[in-house]
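> Sequence first, then the predicted structure, then my questions.
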Amino acid sequence: MRWLRLVAFVGLLATVGLLPWWATAWSEEPVPKPTTPPQPTFVQDVRPLLKTYCFDCHNPSRRKGGLDLAEIETDAAAAGRDDLWDSVAERMRAKEMPPPKSKQLTADEQRVLTEWLKHAAESRVDYDKLTKEQREELLAGEPFSRRLNRVEYGNTLRDLFGINLHAGDLLPSEGGGGEGFDNAGATLFTTPVLVEKYLEAAELVLGALLPAGKKADPKFDAARRSLLIAVPDAKTSPRDAARTVLTAFLPRAFRRPATDKEIDRFLDVFEKAHARGDGYEPALKLALKGVLISPHFLFLTETPAEKTGTYPLDQYEVAAHLSYFLWASMPDETLIGLAAKGKLHDPAILREQVRRMVRDPKSRGFAESFGGQWLGIRPLGTTVRPDAKAFPEFDDELAATMREETVLFLDTIIREDRSVLDVIDADYTFVNERLAALYKIDGVKGSEMRRVKLTDPNRGGVLGHAGILAVTSFPHRTSPVLRGRWVLEELLGVEVPPPPPDVPVLNDRPKGADASLTFRQMLEKHRNKSECAACHARMDPLGFGLENFDAIGRWRTEQGGQPVDSAGVLPTGEKFSGPAELKKLLLEKRRAEFLRNVCRKALGYALGREIKRVDLSVVQDCVKSLEACEFHSSRLLETIVLSYPFTHRNQMK
């Protein structure tokens with residue numbers, strides 16, 4: 001009982017204010033020290049949540065979206081999946097995962113998962129905190145060479161000889177690689193068949209300028225004179241004349257100074273042909289053909305440094321990278337001249353050249369190559385065609401006009417240094433009489449494309465382009481799914497997994513009990529299935545916002561005798577109806593995603609390879625540059641051209 005008497009005694013002292021300091025400290029509640037809650041770990045805290053809410057779909061047998069989360073069993077394995085956790089965090093922010101109709105995380109569970117995802121992102125290398133030297137070493141990729149693709153090859157022959165015989169069309173088409181473009185070095189293979197095509201293309205061009213046994217076509221006279229700057233005469237031997245021609249031609253073809261050894265190599269080809277009895281022009285033609293199948297012509301080459309470490313590209317290599325980025329063709333005399341003077345490492349000079357080059361008509365090469373692939377309009381009229389019975393007005397001429405609208409539109413954004421946000425919404429476009437009739441625009445006559453001001457807020461931007469609307473439709477009808485997916489992937493950069501192989505095809509001609517359902521009702525019934533709901537909740541609302549446009553881009557208010565329902569509700573709760581409101585939502589709520597995507601696409605195209613995680617710091621620089629200058633397109637291009645991976649390489653040990 002002693003402890004009871006002690007407690008009573010201490011209490012008595014406390015009531016009269018005589019409690020000693022030591023007793024006060026002993027009797028009072030200890031003040032808790034602030035502590036940091038333990039950081040959630042993957043194995044103990046996160047994986048059980050994934051097992052409860054995700055494993056049913058993302059397991060070894062189902063692998064929905066190609067993803068098996070169940071295979072990630074340790075903290076170490078989770079730490080190596082940065083892209084995956086970025087995607088998970090994005091899907092959670094968009095309220096797309098877990099699917100809306102599935103069991104949802106509690107508030108505490110969501111907090112745990114969010115904290116872990118945030119920690120996973122913060123624990124990576126923070127490129128902003130690296131020293132300048134550390135960041136540059138990571139950004140400078142290894143030196144590599146890549147073959148010119150068929151478009152670049154054709155454009156280069158055009159600018160090299162001054163005539164356009166579309167020789168690149170003889171080459172097979174290349175598939176997209178890297179960020180989805182056909183200039184990715186990893187996919188530009190060289191085969192014996194391709195070499196035969198190069199010989200055929202070289203014969204096409206050289207045969208027009210140096211025809212055997214007949215005079216050249218008068219329309220090629222200027223190009224012929226530019227090539228044949230020397231011919232044999234009483235004072236000039238055939239060898240000396242050929243040397244003069246090759247000495248002038250090789251540096252232009254190789255896009256850099258040619259060595260005497262290289263000139264002599266092709267001069268030997270001329271001499272052997274001439275010695276066997278070939279005339280001057282046939283022998284010269286054979287030597288020139290050798291130039292055109294040389295790797296120095298067919299490839300964009302980068303010479304490795306003699307020592308390890310980071311170093312700037314050669315001046316002529318910078319000139320070539322710049323010209324094939326902005327023109328999809330060879331450098332002109334101005335670029336080569338600046339390279340010869342050693343000025344293409346000067347940021348001010350590079351900015352000046354970007355501005356000059358985008359004002360040149362050859363900048364159309366960027367709009368055609370980059371824009372045509374990014375927005376997916378290249379196949380229109382070939383592998384992608386509306387059904388002839390459903391849309392008899394569609395033909396090759398209209399297809400070409402549709403593609404041309406988008407190319408001219410993008411070229412105008414670049415050449416006039418307009419805002420990149422014009423891609424989503426603008427008050428102008430390009431039409432001729434046929435396309436104007438499709439859009440119900442009055443006062444346009446003839447086949448020539450011209451710029452027109454739009455008064456219909458639904459039509460502006462690429463979402464109102466007939467070509468875009470056609471390539472995102474099925475041959476016989478529109479597809480909200482295809483269009484919604486296109487908006488997500490091509491405009492916002494959100495990856496959408498392919499549908500599971502066991503999901504049945506949606507029947508757009510319902511029978512029986514479903515016969516009275518509209519197409520939208522059929523699609524909503526389809527998306528109620530758990531295996532379909534998650535992706536369709538993201539895609540379908542965006543696609544339905546474009547339902548007022550038919551499969552070739554005409555405006556409509558009815559479909560099958562019923563009013564078109566173009567309303568949509570996103571998983572995040574935003575509501576809209578029709579193209580105009582959809583575009584407004586994209587600009588207000590999804591602008592950051594669009595800017596990040598267009599910057600990533602442009603950088604991937606410029607580098608000719610897939611974007612690595614370290615390159616995302618350059619993407620971030622591009623976004624900041626756009627935001628700082630009212631989104632002018634020139635700032636995006638300048639930031640890319642001045643970036644370290646564009647102008648530098650790292651010679652590894």
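Perfect, I can see it now.
> right, and L398 touches E433 too?
No: taking CB atoms under 8 Å as the definition, L398 is not a contact partner of E433, at 11.1 Å. Glycine gets a C-beta too; all of them are placed from N, C-alpha and C.
> Neighbour count for the two, which is higher?
L398 (22 against 17; other CB atoms under 10 Å).
> list the contacts for the more buried one?
Residues in contact with L398 (CB atoms under 8 Å, 6 or more residues apart in numbering) are R434, L435, L438, I552.
> among those, which are in helices?
R434, L435, L438 (DSSP state H).
> Per-residue pLDDT of the residue lying closest to the second one once chain neighbours are set aside, please?
Leaving out its chain neighbours, the residue that sits closest to L435 by CB to CB, 6 or more residues apart in numbering is T401, at 5.1 Å. Reported pLDDT at T401 in the predicted model: 98.
> What distance do you get for T401 to W486?
Between T401 and W486 the computed distance is 20 Å (CB to CB, to the nearest Å).
> likewise A426?
To W486, A426 is 18 Å away according to CB to CB.
> which of these two has more neighbours?
Between A426 and W486, counted using other CB under 10 Å, the more crowded position is W486 (25 against 21).
> hang on, that one in a strand?
No: looking at W486 with DSSP: H, G, I helix; E, B strand; the rest coil, it is helix, so not inside a strand.
> now it: how far from V245?
50 Å.
> swap in F181?
F181 is 36 Å from V245, by CB to CB.
> Could you count how many residues lie near K440?
Count around K440 with other CB under 10 Å applied: 10.
> In space, what's closest to it - neighbours in sequence excluded?
Nearest to K440 is W555, by CB to CB, 6+ apart, at 7.0 Å.
> which SSE is M330 in?
Assigning secondary structure by DSSP states H and E places M330 outside every helix and strand.
> Secondary structure element holding the residue nearest to it when sequence neighbours are not counted?
The shortest distance from M330 to any residue other than its chain neighbours is 4.7 Å, reached at T156 (CB to CB, 6+ apart). Using DSSP H and E, T156 sits in helix 150-161.
> Return that helix as CSV; C-alpha atoms alone will do.
Provided in CSV are the C-alpha atoms of helix 150-161 (Å, rounded to 0.1, in the frame of the first residue of the first chain):
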residue,chain,number,x,y,z
ARG,A,150,12.7,7.4,-97.8
VAL,A,151,11.3,10.9,-97.4
GLU,A,152,14.6,12.4,-96.4
TYR,A,153,16.3,10.6,-99.2
GLY,A,154,13.9,11.9,-101.8
ASN,A,155,14.1,15.4,-100.4
THR,A,156,17.9,15.3,-100.4
LEU,A,157,18.1,14.2,-104.1
ARG,A,158,15.7,17.0,-104.9
ASP,A,159,17.8,19.7,-103.2
LEU,A,160,21.1,18.1,-104.3
PHE,A,161,20.3,18.2,-108.0
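> Could you pull up the mean pLDDT of the helix or strand following it?
Heading C-terminal from helix 150-161, the first helix or strand you meet, by DSSP H and E, is helix 192-209. Averaged across helix 192-209, the pLDDT comes to 96.
> buried ones in helix 192-209?
L194, K197, Y198, A201, A202, V205, L206, A208, L209 (16 or more other CB atoms under 10 Å).
> L67 is in contact with P60, isn't it?
No: using CB under 8 Å as the test, L67 is too far from P60 to be in contact (10.8 Å).
> So which of those two has more stuff around it?
Set L67 next to P60 and count neighbours by other CB under 10 Å: L67 wins out with 17 against 9.
> got a list of what the more buried one touches?
Per CB under 8 Å, 6+ apart, neighbours of L67: H58, L84, P497.
> S473 - nearest residue in space that isn't next to it in sequence?
S473 sits nearest to A551 (CB to CB, 6+ apart), 3.8 Å away.
> these two touch, right, F370 and A602?
Yes: judged on CB under 8 Å, F370 makes contact with A602 at a distance of 7.0 Å.
> Report the set of residues contacting both of these two.
If you check F370 and A602 against CB under 8 Å, 6+ apart, no residue is contacted by both.
> Identify each buried residue in the longest helix seen in the chain, please.
In the chain, taking DSSP H as the definition, the longest helix is helix 396-415. Neighbour-count burial for helix 396-415, counted by 16+ other CB under 10 Å, picks out 398-399, 401-415.
> and if you look at stretch 605-618?
Across stretch 605-618, burial judged by 16+ other CB under 10 Å covers Y605, A606, L607, G608, R609, I611, V614, D615, L616, S617, V618.
> correct me, but the fourth one touches E179?
No: between G608 and E179 no contact is recorded; they are 9.5 Å apart, counting by CB under 8 Å.
> List the residues that contact Y53.
Contact partners of Y53, counting by CB under 8 Å, 6+ apart, are P98, S102, K103, Q104, L105.
> make it 10 Å
Y53 is in contact with L69, M97, P98, P99, S102, K103, Q104, L105, E109, L113, counting by CB atoms under 10 Å, 6 or more residues apart in numbering.
> can you list the residues you listed in TSV and add secondary structure?
Shown next, in TSV, are the contacts of Y53 (three-state DSSP):
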residue	secondary structure
L69	coil
M97	coil
P98	coil
P99	coil
S102	coil
K103	coil
Q104	coil
L105	coil
E109	helix
L113	helix
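> Going by neighbour count, which of these are buried?
Of the contacts of Y53, these count as buried by 16+ other CB under 10 Å: L69, M97, P98, P99, L105, E109, L113.
> does the third one really touch C57, like I thought?
I take that to be P98. Yes: under the criterion of CB atoms under 10 Å, P98 makes contact with C57 at 8.9 Å.
> Quick check: F394 vs H476, distance?
12 Å.
> of these two, who's got more company?
F394 (22 against 12).
> give the contact list for the residue nearest to the more buried one when sequence neighbours are not counted.
Of all residues not flanking F394 in the chain, P386 sits nearest, at 4.8 Å (CB to CB, 6+ apart). For P386, the contacting residues are 380, 392-394, 398-399, 470-471, 473-477, 550-552, by CB under 10 Å, 6+ apart.
> Assign a three-state SS to P386, would you?
Assigned with three-state DSSP, P386 falls in the coil class.
> now do N650
Going by three-state DSSP: N650 is strand.
> could you pull out the strands for the stretch 201-350 of the chain?
Here the stretch 201-350 of the chain has its strands, by DSSP state E, counting those that start in this stretch, at 299-300, 309-312.
> Now tabulate the ones you listed in a markdown table and tack on distance to R591, mean pLDDT and mean neighbour count.
Below are these laid out as a markdown table (distance: least, CB to CB, whole Å; pLDDT from 0 to 100; neighbours: other CB atoms under 10 Å):
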| stretch | distance to R591 | mean pLDDT | mean neighbour count |
| --- | --- | --- | --- |
| strand 299-300 | 34 | 96 | 18 |
| strand 309-312 | 35 | 90 | 15 |
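> mind checking which of these is nearest D360?
strand 299-300 (19.9 Å; CB to CB).
> Show me how far that closest one is from its chain's centre.
Counting by CA atoms, centre = their mean, to the nearest Å, strand 299-300 is centred 21 Å from the centre of its parent chain.
> Okay, now the sheet partners of it, with direction.
The strands beside strand 299-300 in its sheet (DSSP bridges) come out as strand 146-147 (antiparallel).
> tell me the mean pLDDT over the partner strand?
94.
> contacts for that strand?
So strand 146-147 is contacted by 152-153, 174, 183-190, 194, 295, 298-302, 324, 608-609 (CB under 10 Å, 6+ apart).
> Identify the residue spatially nearest to L586, adjacent ones excluded.
Using CB to CB, 6+ apart, the closest residue to L586 is I424 (5.4 Å).
> who's G568 bridged to?
Bridge pairing for G568 - DSSP bridges - gives F576.
> Counting neighbours, what do you get for it?
Residues lying near G568 (other CB under 10 Å) number 23.
> one step back: the residue nearest to L435 and V444 touch, don't they?
No: T401 lies out of contact with V444 (CB under 10 Å); the separation is 11.6 Å.
> what residues do those two have in common as contacts?
What both T401 and V444 touch, as defined by CB under 10 Å, 6+ apart, is the set V431, N432, E433, R434, L435, A436.
> right, and out of those, which lies closest to M539?
So of the shared contacts of T401 and V444, ranked by how close each gets to M539 (CB to CB), first place is L435, at 27.7 Å.
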